[in-house]
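Student: sequence below, structure please.
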Amino acid sequence: MAFFRSLSALSRLRSRSAQQSSLGNSVRWLQMESSSDLDLHSQLKEMIPEQQERLKKLKAEHGKVQLGNFTTDMVLGGMRGMIGLLWETSLLDPDEGIRFRGLSIPECQKVLPAAKPGGEPLPEGLLWLLLTGKVPNKAQVDALSAELRNRAQVPDKLYKFIDGLDVTAHPMTQLSAGVMFLQVQSEFQKAYAKGIHKSKYWETAYEDSLNLIARLPALAAYIYRRIYKEGQFIPVHDSLDYGGNFAHMLGFDNPKMHELMRLYLTIHSDHEGGNVSAHTAHLVASALSDPYLSFAAALNGLAGPLHGLANQEVLLWIKSVVDECGENVSTEQLKEYIWKTLNSGKVVPGYGHGVLRQTDPRYTCQREFALKHLPDDPLFQLVSKLYEVVPPILTELGKVKNPWPNVDAHSGVLLNHFGLTEARYYTVLFGVSRSIGICSQLIWDRALGLPLERPKSVTMEWLENYCRKAATS
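Tutor: Predicted coordinates for the structure are as follows:
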């Protein structure tokens with residue numbers, strides 16, 4: 001742990017003043033927010049003209065400002081580090097981690113309303129924050145919870161459609177198919193076919209997005225109960241919040257599991273716009289595909305092993321450690337198993353990140369949850385040992401830019417502790433959560449009139465010729 005503390009201390013010191021300033025601004029807003037304005041739609045309607053003018057001014061005054069240079073390595077390396085998207089709802093810093101509308105995860109835990117005093121933030125509060133940039137009060141979050149419950153009913157024929165799929169199909173395949181089935185209800189698609197003016201695009205995108213966010217837990221829970229619980233369906237509870245209701249429909253009524261679900265849905269919701277699922281949704285939506293089409297595409301990206309599927313891979317790998325070394329594995333045994341994994345050409349799942357260069361704050365808040373609620377869980381204790389052992393080994397290996405744990409390194413152990421042991425299902429939880437961030441940005445995409453995405457591609461021959469010319473000039 002001394003290794004971790006020495007490398008991260010500077011980052012913590014550097015970010016402390018910015019965090020305090022941001023938190024202070026959030027608290028001031030929280031004191032000013034009026035509990036009488038409970039309608040999220042009306043708040044957005046007031047904000048949008050101002051943000052449209054802001055975008056016009058930015059383009060007019062700074063449209064020709066260069067944002068940096070890019071290299072052949074970036075073109076060949078997945079466009080890493082290339083600025084190419086506008087994504088308003090969150091921003092990822094390599095050292096500080098994710099900020100939702102300027103607020104870090106610890107700040108969100110402090111200022112967003114919770115179901116109980118000192119509890120985890122309600123996902124509905126984060127949805128309000130992402131859409132408006134404002135911290136809501138409890139009355140506003142409760143009103144949004146009620147609205148999402150009212151929108152949560154799905155047609156019975158959706159369940160019949162899911163029943164028609166092979167029960168052995170991956171849960172993400174079934175979730176994506178279910179979202180596509182719901183697309184026939186798209187208000188955006190219907191309005192576009194009737195010739196709606198583009199200034200009104202955001203309103204039907206808003207309706208689709210909130211309907212989709214509201215209905216996903218019921219769809220996801222049905223898939224879970226169908227595959228793993230003999231199809232014993234649990235309906236929406238008429239008074240629970242979004243996260244609590246999702247846990248309830250899955251079949252978990254332990255209050256601690258409800259708290260975990262609220263935390264999980266909040267921290268997995270958004271991670272700026274360049275990751276596979278977010279970028280996919282933005283790309284597809286830029287063609288004016290409706291939120292259902294765009295989010296289904298995002299889910300198919302999230303299902304990949306290098307993106308959302310990683311969380312199931314982590315738990316399976318941790319269990320493989322236990323199978324070979326036992327629960328009371330020593331540090332030396334753990335080191336040997338890690339080197340065995342690396343020498344076989346595999347990676348240690350849950351470690352490293354495409355942008356982050358410190359421990360993922362989403363990992364840290366899950367670790368704090370575990371220390372509070374399940375400190376003696378054997379798998380959590382193993383995760384804690386990995387936290388001490390893995391980073392120095394990856395640093396010694398010399399090929400990893402970020403040896404620290406990411407969000408996937410911890411989530412499976414928490415879910416497993418409370419009885420959700422089916423690792424193959426975990427990415428579905430990620431998908432439900434990610435709808436909050438993606439759909440929030442899709443609404444703003446339409447409100448700001450963002451254009452069709454069309455980057456330039458080149459061939460290897462073009463690159464070779466260009467680089468040769470550059471070398472001789």
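
Student: L55: neighbour count?
Tutor: The burial count assigned to L55 is 15, neighbours taken as other Cβ atoms under 10 Å. For glycine as for every other residue, the C-beta is placed from the backbone atoms N, C-alpha and C.

Student: just the element for it, please.
Tutor: Mapping L55 onto the secondary structure by DSSP states H and E places it in helix 40-62.

Student: now do that helix, average pLDDT.
Tutor: Rounded to a whole number, the mean pLDDT of helix 40-62 is 96.

Student: how about stretch 159-169?
Tutor: For stretch 159-169, the mean pLDDT works out to 97.

Student: how far does that stretch sit from its chain's centre?
Tutor: Stretch 159-169 has its C-alpha centroid displaced from the chain centroid by 26 Å (Cα atoms, centre = their mean, to the nearest Å).

Student: with stretch 168-186 instead?
Tutor: Taking Cα atoms, centre = their mean, one finds stretch 168-186 lying 19 Å from the centre of the chain it belongs to.

Student: what's next to that stretch, contact-wise?
Tutor: By Cβ atoms under 8 Å, 6 or more residues apart in numbering, the list of residues contacting stretch 168-186 from outside reads 154, 158, 161-162, 165, 189, 208, 211-212, 215-216, 219-220, 223-224, 227, 290-293, 295-296, 299-300, 302-303, 308-309, 424-425, 427-428, 431.

Student: go through the host helix or strand of A146 and flag the buried ones.
Tutor: Mapping A146 onto the secondary structure by DSSP H and E places it in helix 138-151. Counting neighbours by 16 or more other Cβ atoms under 10 Å, one finds that the buried residues in helix 138-151 are Q140, V141, D142, A143, L144, S145, E147, L148, R149.

Student: now for that helix, which elements pack on it?
Tutor: Here helix 138-151 touches helix 40-62, helix 123-132, helix 201-228, helix 242-250, going by 3 or more Cβ pairs under 8 Å, 6 or more residues apart in numbering; DSSP states H and E.

Student: now, the most widely separated pair of the buried residues of helix 138-151?
Tutor: With distances taken as Cβ to Cβ, the most widely separated pair in these is Q140 and R149, at 15.2 Å.

Student: quick revisit: can I get the helices and strands packed on helix 138-151 in JSON lines with distance to M180?
Tutor: Supplementary listing: the helices and strands packed on helix 138-151 in JSON lines, determined by distance: least, Cβ to Cβ, whole Å:
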{"stretch": "helix 40-62", "distance to M180": "26"}
{"stretch": "helix 123-132", "distance to M180": "23"}
{"stretch": "helix 201-228", "distance to M180": "11"}
{"stretch": "helix 242-250", "distance to M180": "21"}
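
Student: so which of these is nearest N69?
Tutor: Counting by Cβ to Cβ, N69 lies closest to helix 40-62 out of those; the figure is 17.6 Å.

Student: all helices of the stretch 51-200 of the chain, in order?
Tutor: Assignment of helices within the stretch 51-200 of the chain using DSSP state H, counting those that start in this stretch yields the ranges 72-76, 105-111, 123-132, 138-151, 156-163, 171-182, 187-193.

Student: with just CA atoms, put the longest one into CSV.
Tutor: Spelled out, it's helix 138-151. Included here for helix 138-151 are C-alpha records, laid out as CSV according to Å, rounded to 0.1, in the frame of the first residue of the first chain:
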residue,chain,number,x,y,z
LYS,A,138,-35.1,15.6,-2.2
ALA,A,139,-38.6,16.8,-3.3
GLN,A,140,-37.4,17.0,-6.9
VAL,A,141,-35.8,13.6,-6.8
ASP,A,142,-38.9,12.1,-5.3
ALA,A,143,-41.0,13.6,-8.0
LEU,A,144,-38.6,12.2,-10.7
SER,A,145,-38.8,8.8,-9.0
ALA,A,146,-42.6,8.9,-9.2
GLU,A,147,-42.5,9.9,-12.8
LEU,A,148,-40.1,7.1,-13.7
ARG,A,149,-42.4,4.6,-11.9
ASN,A,150,-45.3,5.9,-13.9
ARG,A,151,-43.4,5.4,-17.1
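
Student: got the contact list for it?
Tutor: Helix 138-151 is contacted from outside by 33, 35, 37-40, 112-113, 122, 124-125, 127-128, 136, 210-211, 213-215, 236, 238, 241-242, 245, using Cβ under 8 Å, 6+ apart.

Student: can you say which of the residues you listed are buried?
Tutor: For the contacts of helix 138-151, a burial check counting by 16+ other Cβ under 10 Å picks out 38, 40, 112-113, 122, 124-125, 127-128, 136, 210-211, 213-215, 236, 241-242, 245.

Student: from memory P455 sits against G84, does it?
Tutor: Yes - the pair P455 and G84 passes the contact test of Cβ atoms under 8 Å, sitting 6.6 Å apart.
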